[in-house]
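Asks: pasting a predicted model and its sequence here:
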Amino acid sequence: MSAAPEQGEGALTVPPPPAASGALLQVRDLVKHFPITRGILFQHKVGAVQAVDGVSFDVKRGETLGLVGETGCGKSTTARLVMRLLEATSGEVRFDGRDITRLKGSKLKEVRREMQMIFQDPYSSLNPRKTIGSIIGEPFAIHGLEKEQGARKKAVQELMETVGLNPEHYNRYPHEFSGGQRQRIGVARALALKPKLLIADEPVSALDVSIQAQVLNLLRDLQREFGLALIFIAHDLSVVRHMCDRVAVMYLGRVVELGTGDDLYGAPRHPYTGALLSAVPVADPARHRAERHLLTGDVPSPANPPSACRFHTRCPKAQERCSVEDPPLEDKGTGTLTACHFPLSGEEIAAIGVGRPR
Amino acid sequence: MSAAEALLRVEDLKVEFPTEDGLVHAVDGITYQVQAGKTLGIVGESGSGKTVSSLTTLGLTRRQGARISGRILFGGRDLVTLPEDELRAVRGNEIAMIFQDPLSALHPLYKVGKQLVEAVLAHRDVSKAKARARAIELLGLVGIPDPAKRVDAYPHEFSGGMRQRAMIAMALANEPKLLIADEPTTALDVTVQAQILALMERLQRELGMAILIITHDLGVVAEMADDIAVMYAGRIVETGSADSIFAKPQHPYTWGLLRSIPRLDSPRDEELVPILGTPPSLINPPTGCHFHPRCPYAQPDHARIDPQLVPVADEPSHFVACLLETEVRRRLWAELGAGGTPEAALAEAGLAHGETPARPAEGQPPLPGAGR
């Protein structure tokens, strides 16, 4: 996969008019606060879980953007906001130059044809009482396409073949398939309407190691074949590095670092990215890293996030400024966008000692 | 392998569960040992029998009507035949276990401290006040801040990482000689995982206990284990020191595992080589070598002959159960380890495609046929 062109990244700080940008998807200052309410008859709001709090990024046509972060960082909520499965509290999502944040009814349905989602759990995301044929054919039914029975069956069987399933299994039920094959069914369903954007939310984390590679290779092949843009959400940093052109690291509802995979993994500037990379166990006993940069404590609650830079409570480099002044997401001179007052120095990056090829 | 110093020695262990669909051969004759103060990592996928074998060590499969044969030797006793009341004195005392999901392993209605006190009182004849003091000491030992206050918290007030720490504290209550950790970090985030692994290493150093760690994550075993056993479909297919397993892996399944995961330190455009097909059914495991239906290098007679775990030439403590010749395996891995595909490796080793190539496996009939 070739490295993504850089010109779109400046767009993050100053959004250009949509027509001028090559981005397929533009997300600007997206916010989602889930209210916390008390009371039975008269509910009143006592607070908010700030699941996503001001997230901006672009996805260009045909590129893969990775979203990484730990549990509760808002990566899945971001995906659901983009898909309009959740209503944003504020902010804007533009798809193909068009603001889709407040679309309703038939116009929303039209846009949803263009973007599809693959879910984490291949067991609960397929209706156990429907045949594979009708599961994969459902997008056609919803959008009133391929109405003639024979044509729909043919289209579904072509899709099954594309994702490496045996088309003869058209009439089987989900329980007859293994986890990896079920995930292929989910991929076939997502491809049915020839979307421009595919969102994969932890697509392999429920699968066995030997099966993961099958699904990852499938996604990569399909993306190349159909020129799909892909948002790939995962907590596994190695998998994200393997799959993605650009990567956004999220922490407590915000993007803390965004850059090309090579830059971000080779020279992480944000201390959180550095800590994540340092924590990944490497499958090689000979490369035992001398010193781990262990973070202390746990991720704070998104209902009551720390002030200013949200990482300052766990950050080894935090100073007083970090708790009063919010660091903007900006270029620190390496092409990577980093939201940090005191980014990692070259020496500190070298001490992490991962991300470079053997 | 010197059997004399082994803390735990499992010999030809078989565990079978009768079910409506037939007999499930969960563990099919495995032998391994754990040395005092050392760490053994058991690696395998779901259904490879790695959890069942360790549950059996603690007698936790007895109630499920399992048919168990073989021996599990620990401190001069055979845990397979030990009466339940004597086994109870071992469980949680000399051998302790921590589980994957710390939320479901802690009782939600009791305070963490009370559960720790219970673990202490189960094996020690001490006063409640002393047991409580021990509980606080244990919470401090595993790095829970402000243990004197936290001892009165409920499990839901703890985060995932803190719950796993509490589980470890409970396991350590009676200073076990052996700690069995079944996927101890799988449910945790990567930064918390690093904390828990570091904690286990520190405790091992300080308390001198042996650890049996069960995981599917090759990265975790590479960091933790002295020795590794790779399991597939109820059998150990390869075992040896961690260094030798990663530097000179011998079994095609181990190769498959190593080549199918992306690594942070491998070139980014390196193709992943998946293991084709799906894990077999344990009711009707494949004949001969259990891995042959998915093995790109299988030869016709591999479906008939049962491979034995034999020492690798020049490496007396490295064992492999593979029917390929040593020289062929060496050439195959030379090609694979350098980033080659299985096809290229086959050509390099001058090996013909077996009659059961795994190629059609991607579209092969699903589960019912997968076991063959």
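Replies: Looks like it arrived, so ask away.
Asks: tell me the domain boundaries of chain B?
Replies: Structurally, chain B divides into domains by automatic domain parsing as follows: B:1-94+B:177-247, B:102-173, B:259-363.
Asks: need the ones you listed in a markdown table with mean pLDDT, can you?
Replies: Putting the domains of chain B into a markdown table (pLDDT from 0 to 100) gives the following:
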| stretch | mean pLDDT |
| --- | --- |
| domain B:1-94+B:177-247 | 91 |
| domain B:102-173 | 91 |
| domain B:259-363 | 82 |
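Asks: wait, is A:Leu276 part of a helix?
Replies: Yes: residue state for A:Leu276 (DSSP: H, G, I helix; E, B strand; the rest coil) corresponds to a helix.
Asks: what pLDDT does the model give it?
Replies: At A:Leu276 the predicted local confidence, pLDDT, stands at 90.
Asks: ok, and the closest non-adjacent residue to B:Gly59?
Replies: Nearest residue to B:Gly59, sequence neighbours excluded (C-beta to C-beta, 6 or more residues apart in numbering or on different chains): B:Leu87, at 4.6 Å. Bear in mind the C-beta positions are built from the backbone N, C-alpha and C, glycine included.
Asks: what's in contact with the longest helix belonging to chain B?
Replies: Secondary structure assigned by DSSP state H gives helix B:190-207 as the longest helix of chain B. Helix B:190-207 is contacted by residues A:70, A:235-237, A:275-276, A:278-281, A:292, A:294-296, A:298, B:37, B:39, B:141-143, B:160-161, B:164-165, B:168, B:172, B:175, B:179, B:181, B:184-185, B:188, B:209-211, B:213, B:220, B:223-224 when judged by C-beta atoms under 8 Å, 6 or more residues apart in numbering or on different chains.
Asks: pull out the buried members of these.
Replies: By neighbour count, with 16 or more other C-beta atoms under 10 Å in any protein chain shown, these hold A:70, A:235-237, A:275-276, A:278-281, A:292, A:294-295, A:298, B:37, B:39, B:141-143, B:160-161, B:164-165, B:168, B:172, B:179, B:181, B:184-185, B:188, B:209-211, B:213, B:220, B:223-224 as buried.
Asks: helices of the stretch 251-358 of chain A, start to end?
Replies: A:261-266, A:271-279, A:346-352 (DSSP state H, counting those that start in this stretch).
Asks: is the first one anywhere near chain B?
Replies: What it means is helix A:261-266. Yes: among the residues of helix A:261-266, A:Gly261, A:Asp262, A:Tyr265 lie within reach of chain B under C-beta under 8 Å from any C-beta of the partner chain.
Asks: do the same with stretch A:122-137
Replies: No: Stretch A:122-137 does not reach chain B (C-beta under 8 Å from any C-beta); its nearest approach is 10.2 Å.
Asks: for chain B, what's the nearest residue on the stretch 1-150 of chain A?
Replies: Taking C-beta to the nearest C-beta as the measure, the stretch 1-150 of chain A has A:Glu70 as its residue closest to chain B, at 3.9 Å.
Asks: in contact with the closest residue in space to that residue that isn't next to it in sequence, which residues?
Replies: Of all residues beyond its chain neighbours, the one nearest A:Glu70 is B:Asp189 (3.9 Å), with distances taken as C-beta to C-beta, 6+ apart. Contacts for B:Asp189 (C-beta under 8 Å, 6+ apart) come out as A:Glu70, A:Thr71, A:His235, A:Val299, B:Gly160, B:Gly161.
Asks: from the residues you listed, which is closest to A:Thr131?
Replies: Top of the list for closeness to A:Thr131, among those and by C-beta to C-beta, is A:His235 at 32.9 Å.
Asks: how about the closest one, phi and psi?
Replies: A:His235 adopts backbone torsions of phi -100, psi -10, taken as degrees, to the nearest 10.
Asks: so it touches A:Ser205, yeah?
Replies: Yes: at 7.0 Å, A:His235 counts as touching A:Ser205 under the criterion of C-beta atoms under 8 Å.
Asks: can you give me the strands in the stretch 251-358 of chain A?
Replies: With DSSP state E, counting those that start in this stretch applied, the stretch 251-358 of chain A shows strands at A:254-260, A:330-331, A:337-338, listed in chain order.
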